[in-house]
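Novice: Could you work out the structure for the sequence below:
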Amino acid sequence: LDEVNARPAAQRAEALKAKHAFKAEMDDEARAVMFPQNARLTA
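Specialist: Purely as a prediction, here's the structure:
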């Protein structure tokens, strides 16, 4: 795992965490974006 993490592409991917604020909680808005196919079940 250390060898993979030492690669430049892996380091760039790891840097994305610091660049973007990702939402950690699963609320109705997040569920609607992640599972748009479920909208037909509630309509």
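Novice: CA atoms for contacts and neighbours, from now on please.
Specialist: OK.
Novice: and the residue nearest the centre of the chain, what are its phi and psi?
Specialist: For the chain, the residue nearest the mean C-alpha position is F22 (6.6 Å; CA atoms, centre = their mean). Backbone torsions of F22, given as degrees, to the nearest 10, read phi -90, psi 140.
Novice: Local confidence estimate at it?
Specialist: In this model, F22 is scored at 80, pLDDT.
Novice: That one and F35, how far apart?
Specialist: 17 Å (CA to CA, to the nearest Å).
Novice: before we move on, what about R12?
Specialist: Per CA to CA, R12 is found 28 Å from F35.
Novice: the helices in this protein, which residues?
Specialist: Along the chain, the segments classed as helices by DSSP state H run 2-5, 8-19, 28-34, 39-42.
Novice: List of residues touching the longest one?
Specialist: So that's helix 8-19. V4, N5 (CA atoms under 8 Å, 6 or more residues apart in numbering).
Novice: What of the third one?
Specialist: Helix 28-34 has contacts (CA under 8 Å, 6+ apart) with N38, A39.
Novice: from now on call the first residue 17
Specialist: Noted, 17 is the first residue going forward, which turns the last one into helix 44-50.
Novice: chain center to that helix, what's the gap?
Specialist: The chain centre lies 12 Å from the centre of helix 44-50; the measure is CA atoms, centre = their mean, to the nearest Å.
Novice: mean confidence score for it?
Specialist: In this model, helix 44-50 has a mean pLDDT of 89.
Novice: likewise the second one?
Specialist: In this model, helix 24-35 has a mean pLDDT of 92.
Novice: List every C-alpha atom in that helix, with coordinates, as CSV.
Specialist: The C-alpha trace of helix 24-35 is given here as CSV (Å, rounded to 0.1, in the frame of the first residue of the first chain):
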residue,chain,number,x,y,z
PRO,A,24,2.2,10.7,-8.2
ALA,A,25,-1.3,9.9,-9.4
ALA,A,26,-2.2,8.5,-5.9
GLN,A,27,-0.8,11.6,-4.3
ARG,A,28,-2.9,13.8,-6.6
ALA,A,29,-6.0,11.8,-5.8
GLU,A,30,-5.3,12.1,-2.0
ALA,A,31,-4.9,15.9,-2.5
LEU,A,32,-8.5,16.1,-3.7
LYS,A,33,-9.7,15.7,-0.1
ALA,A,34,-8.1,18.9,0.9
LYS,A,35,-9.3,20.8,-2.2
